[in-house]
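Undergrad: model the structure of this input:
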Amino acid sequence: MTGSEALAGAQRIALIGYSLPQTDFVVANMLQTAFSRGTPQVDVVNPDAALVARRLQALGGPAEGDSNLTLYDDRTECLI
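TA: Model (predicted):
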């Protein structure tokens with residue numbers, strides 16, 4: 001199984017410390033494919049989690065405020 005296949009079949013995706021830069025076309029394409037097959041639960045742990053959320057939404061992912069998107073600005077928040 002490739003990473004793309006695993007991501008496309010995932011029920012939950014965690015982006016920890018990854019800002020989803022606009023220049024990472026490979027990951028963007030994998031996420032876009034995954035979102036086209038349904039919207040999994042997505043957890044974002046990043047100091048600028050709102051920016052990552054906007055980038056995910058642009059790829060067809062959940063929008064900020066959706067129940068299947070959880071944002072953590074601080075890594076300790078997600079441990080509680």
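
Undergrad: now the helices for the chain?
TA: Applying DSSP state H to the chain gives helices spanning 3-8, 25-36, 49-58.

Undergrad: want to throw those into CSV with mean neighbour count?
TA: Where you see a C-beta, it was placed from the backbone N, CA and C, and this is true even at glycine. Putting the helices of the chain into CSV (neighbours: other C-beta atoms under 10 Å) gives the following:
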stretch, mean neighbour count
helix 3-8, 14
helix 25-36, 16
helix 49-58, 18
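
Undergrad: distance to residue 65 and mean pLDDT for those - can I get that in TSV?
TA: TSV is the format used below for the helices of the chain (distance: least, C-beta to C-beta, whole Å; pLDDT from 0 to 100):
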stretch	distance to residue 65	mean pLDDT
helix 3-8	23	87
helix 25-36	17	94
helix 49-58	9	96
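
Undergrad: distance to residue 17 added to those, as JSON lines?
TA: Listed next are the helices of the chain as JSON lines, based on distance: least, C-beta to C-beta, whole Å:
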{"stretch": "helix 3-8", "distance to residue 17": "17"}
{"stretch": "helix 25-36", "distance to residue 17": "14"}
{"stretch": "helix 49-58", "distance to residue 17": "10"}
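
Undergrad: out of the ones you listed, nearest to residue 15?
TA: helix 49-58 (6.3 Å; C-beta to C-beta).

Undergrad: distance from the chain centre to the closest one, please.
TA: Remark: helix 49-58 is offset 8 Å from the chain centroid, using C-alpha atoms, centre = their mean, to the nearest Å.

Undergrad: tell me which other helices or strands that helix touches.
TA: strand 41-45, strand 69-72 (3 or more C-beta pairs under 8 Å, 6 or more residues apart in numbering; DSSP states H and E).
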